[in-house]
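Trainee: here is the input, now give the coordinates:
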Amino acid sequence: MSILNKGFTLIELMIVVAIIGTLSAIALPAYSDYLTRSQVTEAVTLLGGLKIPVSEYANIHNVWPTAIISPPGVGLGATQVVGTSVGKYSRALPLSLLAPFLQG
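Mentor: Numbering: from 1, shown residues only. Purely as a prediction, here's the structure:
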C-alpha cells in the first residue's frame, strides 16, 4: 500500500515565504529610489523652462526674483516672475533657493 503525498510541506512553504520576503526587501528600497530619481528628473526638467525668464528678469531689474508665482490678490512686484509649468510634482518655490543654480 503506497500513499501518494500531494501538496506542500510546511518547510517548503516557509522557504518560499522567506525567498519572497528577501526579494521584496531588496526590491522595495530600489523602487523607492527609482521614484525619487524620477521626481528629481521631472523637477529639473520643469525648472529648465524657467531658466530663460528668470535670467531675463534678473538682467532687466538687476535683482533675482523671490517668487515664481505671485500670491493671490497681489500683483507682480519687482521681485517676482511668472512661469508656467505642468507636471505631477510642480510647485511654487522661492527663487532665492534656486538662484545659485540658475547662473550658467
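
Trainee: would you tell me which helix is longest in the chain?
Mentor: Counting by DSSP state H, the longest helix found in the chain is helix 10-48.

Trainee: average pLDDT across that helix?
Mentor: Mean pLDDT, computed over helix 10-48, is 90.

Trainee: then the helix or strand following it to PDB, C-alphas only?
Mentor: Following helix 10-48 in sequence order, the next helix or strand is helix 51-61 (DSSP states H and E). Coordinates of each C-alpha in helix 51-61 appear next as PDB, following Å, rounded to 0.1, in the frame of the first residue of the first chain:
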ATOM      1  CA  LYS A  51      15.800  79.500 -16.700                       C
ATOM      2  CA  ILE A  52      15.400  82.000 -19.600                       C
ATOM      3  CA  PRO A  53      12.500  84.000 -18.000                       C
ATOM      4  CA  VAL A  54      14.400  84.300 -14.700                       C
ATOM      5  CA  SER A  55      17.700  85.200 -16.300                       C
ATOM      6  CA  GLU A  56      15.900  87.900 -18.400                       C
ATOM      7  CA  TYR A  57      14.200  89.300 -15.300                       C
ATOM      8  CA  ALA A  58      17.500  89.400 -13.500                       C
ATOM      9  CA  ASN A  59      19.200  91.200 -16.400                       C
ATOM     10  CA  ILE A  60      16.400  93.800 -16.700                       C
ATOM     11  CA  HIS A  61      15.900  94.500 -13.000                       C
END
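
Trainee: other SSEs contacting helix 51-61?
Mentor: Applying 3 or more Cβ pairs under 8 Å, 6 or more residues apart in numbering; DSSP states H and E, we find helix 51-61 packed against helix 99-102. All C-beta spots, glycine's among them, are computed from the backbone N, C-alpha and C.

Trainee: now the helix it packs on: average pLDDT?
Mentor: The model assigns helix 99-102 a mean pLDDT of 58.
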